[in-house]
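Asker: Below: sequence and its predicted model.
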Amino acid sequence: MGQFNRRQPAPGMNDQGAAGVQIADVSVDTETGVVKVNRYTAVTDCGLIVNPRTAESQIFGGIIMGISTALYEERFLDQQTGKYLNADMEMYKLAGIGDIGDIKVHLDIRPENDKRGVIGLGEPCAVAICAAIGNAVTNALGVRVPNIPMTPMHVINALEGRIA
């Protein structure tokens, strides 16, 4: 007891971690508060890539999911019962093809990265998206939108100096 037992990676896997950079280019309509993703670029180093097409697809999916999180996915609860008011896909907004902009994925495939072995790619591609979009919105507006998702109401409230 009292000792920290480090979990070993699965056989054939590496625990060195993935790394990367993600950049969002957005437009913000200051009258309506609508945020539009024009372009999104992800550069990822995830060690040895066994199947580049599958790895790229994983990153594309993570970016699309992250755009939904950053701009659209909002839960509404009944304050009295705690039940979801938008618990179905009819009322729960997700990003569609017209909402995601032009996505570019670059895998950093070099021998020195391959030597690190296979590294998991599931979560790393989805982590930075809200921050990248939030920073792009801040650069566009000159004011930070402190709420996720960055709905038109949250954008307008931030522009008017309101926090909620």
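Answerer: Noted; the coordinates are in hand.

Asker: Quick one: find the helix or strand in the chain with the lowest mean pLDDT.
Answerer: When each helix and strand of the chain is scored by mean pLDDT, DSSP states H and E, helix 124-127 comes last, with a mean of 82.

Asker: Does anything pack onto the next helix or strand after that one? Which helices or strands?
Answerer: Next helix or strand after helix 124-127 toward the C-terminus (DSSP states H and E): helix 129-141. For helix 129-141, the helices and strands in contact under the criterion 3 or more Cβ pairs under 8 Å, 6 or more residues apart in numbering; DSSP states H and E are strand 19-28, strand 35-45, helix 52-71, helix 152-159. Where you see a C-beta, it was placed from the backbone N, CA and C, and this is true even at glycine.

Asker: Turn the ones you listed into JSON lines, columns for mean pLDDT and mean neighbour count.
Answerer: Output for these, formatted as JSON lines (pLDDT from 0 to 100; neighbours: other Cβ atoms under 10 Å):
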{"stretch": "strand 19-28", "mean pLDDT": "93", "mean neighbour count": "18"}
{"stretch": "strand 35-45", "mean pLDDT": "94", "mean neighbour count": "19"}
{"stretch": "helix 52-71", "mean pLDDT": "93", "mean neighbour count": "19"}
{"stretch": "helix 152-159", "mean pLDDT": "96", "mean neighbour count": "18"}
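
Asker: how about whichever strand or helix holds residue 112: buried residues?
Answerer: If you go by DSSP H and E, residue 112 is part of helix 111-114. Going by neighbour count (16 or more other Cβ atoms under 10 Å), the buried part of helix 111-114 is residue 113.

Asker: How far does that helix sit from its chain's centre?
Answerer: Relative to the chain's own centre, helix 111-114 is displaced by 26 Å; criterion: Cα atoms, centre = their mean, to the nearest Å.
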